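In: model the structure of this input:
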Amino acid sequence: MTVSEIRQRYFDFFEKKGHKIVSSAPIVIKNDPTLLFTNAGMNQFKDYFLGNYPAPVPRIANSQKCLRVSGKHNDLEEVGVDTYHHTLFEMLGNWSFGDYFKEEAIDWAWELLTNEYQLNPKDLYITVFEGDPTDQVPADNESREFWLKYVDPAHILMASKKDNFWEMGDTGPCGPCTEIHIDLRSEEDKSNIPGASLVNKDHPQVIEIWNLVFMQFNRKANGNLEPLPQTHVDTGMGLERLAMALQGKQSNYDTDLFQALIQHMVQHAGKAYGTNESTDIALRVIADHVRAIAFSIADGQLPSNSGAGYVIRRILRRAVRYGYQNLELNEPFLCGLVPVLIEQMGLPYPELTAQEALIVRVIREEELSFFRTLEQGIKRMDLLMNSSEKSGRSHLEGSTVFELYDTYGFPVDLIQLIARENSFSVDEAGFNAELLRQKERSRAATGVLADDWQQVNDEVTTEFVGYDALQCRSQILRYRKVNQKNRTFYQIVLDSTPFYAESGGQVGDTGWLVDAQGHKTPIFDVKKENNLTVHLCESLPNNLDHLFEASVDPVRRNNLRKNHSATHLLHHALRQVLGNHVEQKGSLVSPEYLRFDFSHFAKVSDEELRNIINLVEAQITANTALKEHRNMPLAEAQAMGAMALFGEKYGETVRVVQFGESMELCGGTHVNYTGEIGLIKVQSESAVAAGIRRIEMITGSAAEQHYKEETTLMASLRAQFKNPKDIMKSIQDVVDQNQALTKDLELLTKERNKTIKQDLKTKLESVDGMQVLCVQLSLDSNSVKDILFQLKGEIQPFVGIVGNIEGDKCGLSVMIDEGLLQSKGWNAVQWIREVAPLIQGGGGGQPFFATAGGKNPNGIAEALSILKQKL
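Out: Residues are numbered from 1 along each chain as shown. Modelled structure (predicted):
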C-alpha cells in the first residue's frame, strides 16, 4: 500500500463515520503569537477548543502538514540520526467538537488499524494515563475499560503525565490521552524481549503511531485545571510511521515517500545507501529537510535572518552542511530534489506544483550563499587557529566559536570537526554559555506573560462592523492583563467592533473606547489571536460592564483604505505587464505607505515600471467603483476568477474585493471608488530574495506632500542656477566641470605624494634587517595609503607605521611586508586593534595592511611608540 493509498483510505474511513474531510492548513501560522509553524493537526481548530467560535460541523478529519523544529516540540537534532523523527510530517487526524468522546474514538481507531489496515493486534500496545495527584486528576480507567474490549490486559500500560497528558501550551485546553504503539521487531526479538518493556523507551522499532487526546480540562495561568464546558476529541497519527508499519519497513526512510528522494541523491552523490552510517544520516537529513523547506516556501515563508524565516534557513543549512561534510558536495543539490518531491506529493498538495519555479530558485540561491559562507568560515578558522598556535594555544575560545556560529552562520559540529583535524580543541562550555545568553536575550525580547481571561459578559463571538461603520455601541466581553518586552497593557474583547484587526498585511486600527461620560480609553492596536479580535490599551476603562462607543481613528483608517486598494491595483498591473507568474509573496499596508512583495525573476526595468504605474493611475482616474461580495462560497469565488493567495487558509465563505478586472479574496478595508486613492508615487523597486521583488509606494496625502517637497526643491535648484532655461544642461555643465577639476586635483595630489615619499625615504630606519618608517603626518588617509603601498613596492622588507591628522580627524596605518607575516607571525589587524582605542577609534583591514580612524590626535604619539616597540 503506497503512502497515497494509506492517506486516502483514512479519509474514506472517517467520511463513512460522518466526518467532514477538510484540507490542510498552511504550515506557516499568521494569527497565533504562540506559534511560528503548524506543529499539530489541531492548530487550525484551536478556536473551537478555546471556545472563541463554535465549530461549523461536529466531526472533522484531515491530513495536516506539520513542522516541529522550534519551541516545545523540537525534534530537529534527532532528524536523520534516528529513523523515525522528521521536521515536516503529515498528521492524520479526526476531531469531535462536543460530539463523540472516548468510546467511539477508541472503537474507530481499533477498527481502522486492525480491519482496514490489517495490522496484527498482537503487535499493538496501548498506554493510558495513570493519573496525577499534583493536578488532582484520577487515572483514566474509563479509557482502559474501553480498550479491554479488544486488547489483552498485558498490552495495556499505565503511563505518567509526561507521556499521556496532552497540553496545548502553558495554558489552555488539555486532557488525558491514550496512545497506540506498534512493535515492528522480528519474531525472534519479540520472543526474547516483550514489547511492553520497550514502549516509550525510544526504541526505533517500538514506536507510537496514534495518539487519542481527550480534551476535558482548561489549564489556567495559575496552573489549576478546570473542566471544559464541552469535551472534545483530538487524535493524531503520523502518516510516515504508519506507512513504515504497513509497508513492512524498519525505518520511515525506507518507505516509498522517502526512497524516491534518497535514491535521487544516491545517484547524484555517487554514494550507496545502507553501507555507511555517516552517509546514511546525511541522505536521510537531506530527504527530510527538502520537504520542510519546499512546503514552507510554497506557503509563503522565505528563508531569512529572523523569526520563522530563520528556522527555515537553519533547516536548509543543516541539509547543505551534511551534503558538504558527509557526501563531499560543493555545489547546489537540494534544488534538484524539488521535481522529485513534487512527483511524490504534488497531487495532494497542489501548491507545490504551482510554486515549483520559485521553490527551486529560492533554494538554489540559499545553497549558493551558504557554500560561500562555508568557504569564508573555513578561511576565518584557519586565521584563528594560526593566531592561537603562535600564541601557544591549541584550543578555540567559546566566544570565538560563537562568533563563527552567530556572525558567519558556521555550523558548530563542522567547527569541531575542522578543529579536531588540526589538533585543536573547542571550548564547548564557553560556547554553550554564549548560546544560552543569546537565547535568554531573545526570550526577554519576545516573551509574553498573559493572565487568565476575566469574563465580563457571556457572549462568545465578536461581530465586525468595520466595513460599514467607524463607530458602534459595544460591550466588553472579557479582558486580561499582558506583559511583553517589559511593557504592561490590556487586551479587550468586544461583542461588536468597527476596529480592523491586523491581518492580510494590513495593520490594525487605532481609536478609542468612549464611555457615557465622554471618557476616552485609547486603543493603540488591534490584533487577531486565533481569530479572536483583541483590542490593546494601556489601561482599562472604568465600569467595565457598561456600554461604550467603539470609535476608529477616521483619518488613519482612510489612509489604510487608500493604500490597501492601491495594493490590489498594483498587483493586477504587475501581472498585466510582467506576466501571470507574478504572485503576492508578502505585503504591508500601513497608514504611511504600502509595501508589496511579488514573485519575479528579474529586476523590473524602468520601462516596465512606467507601464505599471500608468496602469494603476489609469484605474484611479477611471474612478472605478468597488464591487464587494461578502460571504460568498469559496468555490463560487474561485469560479468567478477571484485570486487566492498561497499560504492563506480560507473558510467555506469568503469576501471578494473587485475593482474592474482586479478581483481578489480579501478581508481588508478599501475605498468605495478608486479615485479616492488620489496621487501615487513609487518610492523603490528592489530585490528581497531569490525570485522575489519588492515595490514600496505612497498614495493620497503622503504622495501630495512628496510632490510639494519635490516642487519646492526644484524651485530652489533653479534659483541656485539663476533660473536657466535648461536646468538639466546647467547641472550637467557643473558636473563636467567638477569631474575635470577632480582629475586635475588627483594629478596634483600624486605629484605631491611623490615629493612626500622621497622625503620619507630619508627617514627610514634599519631595524633587524628591516626598513622601518615610523612618522606622524598632516595628510589625508588616502594619501597615506597610496604612499605606503608605493614604498612597499620599492623597498623590501618594509614596515610602515604612520599616524596622520586631517582637520578634526586622525588615523593610524600599519603596512607589513608579506614575508614578515610568516617569518615573524605579525598581523597588522591585531596591532591596529590594540592601539585604536588610544585615538578613540576602531579599525581593521588585512594582515599586511590595516588602518584605524579616530577623533583624538593626542593619542597618536603613544600609539606609534607601542607599535614601534613591537619591532
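
In: so where is the chain shaky, pLDDT-wise?
Out: Under the criterion pLDDT under 70, the flagged ranges of the chain are 31-34, 70-75, 407-409, 442-447, 460, 647.

In: isn't Val233 up against Met215?
Out: Yes: look at Val233 against Met215 with C-beta atoms under 8 Å: they come within range, at 7.3 Å. C-beta coordinates here come from the backbone N, C-alpha and C atoms, glycine included.

In: between the two, which one's more packed in?
Out: For Val233 versus Met215, neighbours defined as other C-beta atoms under 10 Å are more numerous around Met215 (27 against 24).

In: you'd agree the more buried one is in a strand?
Out: Yes: under DSSP: H, G, I helix; E, B strand; the rest coil, Met215 falls within a strand.

In: mind listing the strands in the stretch 201-350 of the chain by residue range?
Out: 206-219, 225-238 (DSSP state E, counting those that start in this stretch).

In: tabulate those (TSV), appending distance to Gly793.
Out: Below are those laid out as TSV (distance: least, C-beta to C-beta, whole Å):
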stretch	distance to Gly793
strand 206-219	69
strand 225-238	67
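
In: most tightly packed of these?
Out: strand 206-219 (a mean of 22; mean count of other C-beta atoms under 10 Å).

In: so what strands line up beside that one?
Out: strand 172-183 (antiparallel), strand 225-238 (antiparallel) (DSSP bridges).

In: for Asn672, which of the ones you listed is the nearest?
Out: Closest of the strands paired with strand 206-219 to Asn672 is strand 172-183, at 40.9 Å (criterion: C-beta to C-beta).

In: beyond the closest one, next helix or strand please.
Out: Following strand 172-183 in sequence order, the next helix or strand is helix 187-192 (DSSP states H and E).

In: gap between that next one and the chain center?
Out: Averaging C-alpha positions (C-alpha atoms, centre = their mean, to the nearest Å) puts helix 187-192 46 Å from its chain's average.

In: got the contact list for that helix?
Out: Contacting residues not belonging to helix 187-192 are listed as Asp183, Gln205 [C-beta atoms under 8 Å, 6 or more residues apart in numbering].

In: buried ones in it?
Out: Residues of helix 187-192 classed as buried by neighbour count (16 or more other C-beta atoms under 10 Å): Lys190.

In: and for stretch 390-404?
Out: By neighbour count with 16+ other C-beta under 10 Å, stretch 390-404 contains the buried residues Leu396, Glu397, Gly398, Thr400, Val401, Phe402, Glu403, Leu404.

In: quick check: chain neighbours aside, which residue is closest to the third one?
Out: The spatial neighbour of Gly398 that comes closest, neighbours along the chain excluded (C-beta to C-beta, 6 or more residues apart in numbering), is Gly430 at 1.8 Å.

In: that's a helix at Leu35, yeah?
Out: No: going by three-state DSSP, the assignment for Leu35 is coil, not a helix.

In: still on that earlier bit, mind listing which of the buried residues of stretch 390-404 are in helices?
Out: Among the buried residues of stretch 390-404, DSSP state H puts Gly398, Thr400, Val401, Phe402, Glu403, Leu404 in helices.

In: quick check: the gap between the first one and Glu77.
Out: When C-beta to C-beta, to the nearest Å is applied, the distance between Gly398 and Glu77 equals 20 Å.

In: how near is the residue located most distally from the centre of the chain to Pro724?
Out: Distance to the chain centre peaks in the chain at Thr762, reaching 60.8 Å (criterion: C-alpha atoms, centre = their mean). Thr762 sits 53 Å away from Pro724, taking C-beta to C-beta as the criterion.

In: do the same with Gly169
Out: Applying C-beta to C-beta to Gly169 and Pro724 gives a distance of 69 Å.

In: repeat for Ser251
Out: Taking C-beta to C-beta as the measure, Ser251 and Pro724 are separated by 79 Å.

In: the more surrounded of the two?
Out: Ser251 (18 against 12).

In: residues touching the more buried one, list them.
Out: Shown in contact with Ser251 (C-beta under 8 Å, 6+ apart): Thr83, Tyr84, Pro204, Met244.

In: what's opposite the nearest residue to Phe14 once chain neighbours are set aside in the beta bridge?
Out: What sits nearest to Phe14 in space, not counting adjacent residues and going by C-beta to C-beta, 6+ apart, is Ala61, at 3.8 Å. In this entry, Ala61 is beta-bridged to Ile21, Asn94, by DSSP bridges.

In: okay, now Ala61: neighbour count?
Out: The criterion is other C-beta under 10 Å. On that basis, Ala61 has 21 neighbouring residues.

In: and it, what does it touch?
Out: Residues in contact with Ala61 (C-beta under 8 Å, 6+ apart) are Tyr10, Phe11, Phe14, Glu15, His19, Lys20, Ile21, Val22, Leu92, Gly93, Asn94, Trp95.

In: mind checking how far it is from Val233?
Out: 11 Å.

In: overlap in contacts of these two?
Out: By C-beta under 8 Å, 6+ apart, the residues touching both Ala61 and Val233 are Asn94, Trp95.

In: count of residues packed around Asp406?
Out: Per other C-beta under 10 Å, the neighbour tally for Asp406 reads 12.

In: just Ala429 next, same as before
Out: Residues near Ala429, counting by other C-beta under 10 Å: 9.

In: ok, now how distant is the closest residue to Tyr405 other than its chain neighbours from Val507?
Out: Distances taken as C-beta to C-beta, 6+ apart put Val412 closest to Tyr405, at 5.5 Å, once the chain neighbours are dropped. Counting by C-beta to C-beta, the gap from Val412 to Val507 is 38 Å.

In: would you map the helices across the stretch 701-850 of the chain?
Out: Applying DSSP state H, counting those that start in this stretch to the stretch 701-850 of the chain gives helices spanning 727-761, 781-794, 818-824, 828-835.

In: closest to Leu239 out of those?
Out: helix 828-835 (54.2 Å).

In: tell me which residues are up against stretch 156-171.
Out: Identification of contacts with stretch 156-171 by C-beta under 8 Å, 6+ apart yields 34, 42, 46, 49, 72, 125-130, 132, 135, 137, 139-140, 144, 147-148, 174-179, 196, 199-200, 211, 213, 218-221, 234, 450, 452.

In: list the buried ones in that stretch?
Out: Across stretch 156-171, burial judged by 16+ other C-beta under 10 Å covers Ile156, Leu157, Ala159, Lys161, Asp163, Asn164, Phe165, Trp166, Glu167, Met168, Thr171.

In: quick check: the second one is in a strand.
Out: Just to be clear, that refers to Leu157. Yes: judged by three-state DSSP, Leu157 forms part of a strand.

In: ok, what's across the strand from it?
Out: Applying DSSP bridges to Leu157 gives these bridge partners: Thr127.

In: gap between it and Trp147?
Out: 11 Å.

In: shared neighbours, these two?
Out: With C-beta under 8 Å, 6+ apart as the test, Leu157 and Trp147 both reach Ile126, Val128.

In: what sits up against stretch 775-788?
Out: Residues outside stretch 775-788 that contact it (C-beta under 8 Å, 6+ apart) are 749-750, 752-753, 756-757, 760, 763, 800-806, 811, 813, 815, 849, 851, 853, 860-861, 864.

In: okay, how far is it across it, tip to tip?
Out: 12 Å (C-alpha to C-alpha, to the nearest Å).

In: now do that stretch: distance to the chain's middle.
Out: Worked out by C-alpha atoms, centre = their mean, stretch 775-788 lies 47 Å from the chain centre.

In: please tell me how far Ile363 sits from Ala294.
Out: From Ile363 to Ala294 the distance is 7 Å (C-beta to C-beta).

In: any common contacting residues for those two?
Out: Counting by C-beta under 8 Å, 6+ apart, the residues touching both Ile363 and Ala294 are Val338.

In: Thr384: neighbour count?
Out: Not quite, residue 384 is Leu, not Thr. 19.

In: skipping adjacent residues, who's closest to it in space?
Out: Sequence neighbours aside, Thr400 is the residue nearest to Leu384 in space, at 5.9 Å (criterion: C-beta to C-beta, 6+ apart).

In: can you say which of the contacts of stretch 156-171 are buried?
Out: Buried among those (16+ other C-beta under 10 Å): 34, 42, 46, 49, 125-130, 132, 137, 140, 144, 147, 174-179, 199-200, 211, 213, 218-219, 234, 450, 452.
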